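> the amino acid sequence is not available; the structure is as follows:
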């Protein structure tokens, strides 16, 4: 996303969050970053009124980036930070982490998967995934949209999305893509962390009804 912005000659951006790789990439190219959570109209008004201050660093740590908002992870005492996922995985599975961000969950899945697809449309996040996991023979890294991947049809045992599905505009396309890549009997696991849960990433969605 930042790369496409820079190609348009933009030197200032307003974001709701940015991870370390994106922040470093922007700073190296002289892009000014402001952080604002809320409506676009409110962000523009705050910027015009001089109420935004320039970001002095990333908003979260070296984990999930785009489509996965993970910094330093908390967990219940006695419960490992990945333990809640263990009932859903087994050795030798083919796993697709759709919207993997900077690869926080790829780090867990790689130890189980015979083939792990780490997929994200964000080029900067994927660059971080390549840096961290490019040397693993069982990991395939795809800079692709979760609604249209090159993952072979009927090949995946477990498709996974963490804090991703709510961001996808065409949810029907995402569902069709998941259905295409899953094996018969394959499973889709969608995680949407809320702010009031005591484990998982501290940077979470606002609590919502329904």
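Nice, thanks for sending it over. All figures in this text were calculated on a predicted structure; none of them were measured in a lab.
> which stretches of this structure form helices?
2-7, 20-28, 40-48, 106-109, 123-133, 171-181 (DSSP state H).
> can you show me the strands along the chain?
Shown for the chain, the strands assigned by DSSP state E span residues 12-15, 32-35, 94-98, 115-119, 139-142, 156-162, 182-191.
> now for the fifth one, which elements pack on it?
For strand 139-142, the helices and strands in contact under the criterion 3 or more C-beta pairs under 8 Å, 6 or more residues apart in numbering; DSSP states H and E are strand 115-119, helix 123-133. Where you see a C-beta, it was placed from the backbone N, CA and C, and this is true even at glycine.
> who does that strand pair up with?
As defined by DSSP bridges, the strand partners of strand 139-142 come to strand 115-119 (parallel).
> returning to that earlier point: tell me the most buried of the strands of the chain?
Highest mean neighbour count of the strands of the chain: strand 94-98, a mean of 28 (counted as mean count of other C-beta atoms under 10 Å).
> any idea of the mean pLDDT in that one?
For strand 94-98, mean pLDDT rounds to 97.
> now for that strand, which elements pack on it?
helix 106-109, strand 115-119, strand 156-162, helix 171-181.
> list the residues that contact the residue located most distally from the centre of the chain.
Here the centre of the chain is the reference, and by C-alpha atoms, centre = their mean the most remote residue is residue 49, at 31.8 Å. The contact partners of residue 49, by C-beta atoms under 8 Å, 6 or more residues apart in numbering, come to none.
> let me see the backbone angles for it.
phi -80, psi 0 (degrees, to the nearest 10).
> adding mean pLDDT and distance to residue 99, write the helices and strands packed on strand 94-98 out as TSV.
Shown next, in TSV, are those (pLDDT from 0 to 100; distance: least, C-beta to C-beta, whole Å):
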stretch	mean pLDDT	distance to residue 99
helix 106-109	94	11
strand 115-119	97	7
strand 156-162	93	6
helix 171-181	92	9
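> which of those sits closest to residue 192?
Residue 192 lies closest to strand 156-162 among the helices and strands packed on strand 94-98, at 8.0 Å (C-beta to C-beta).
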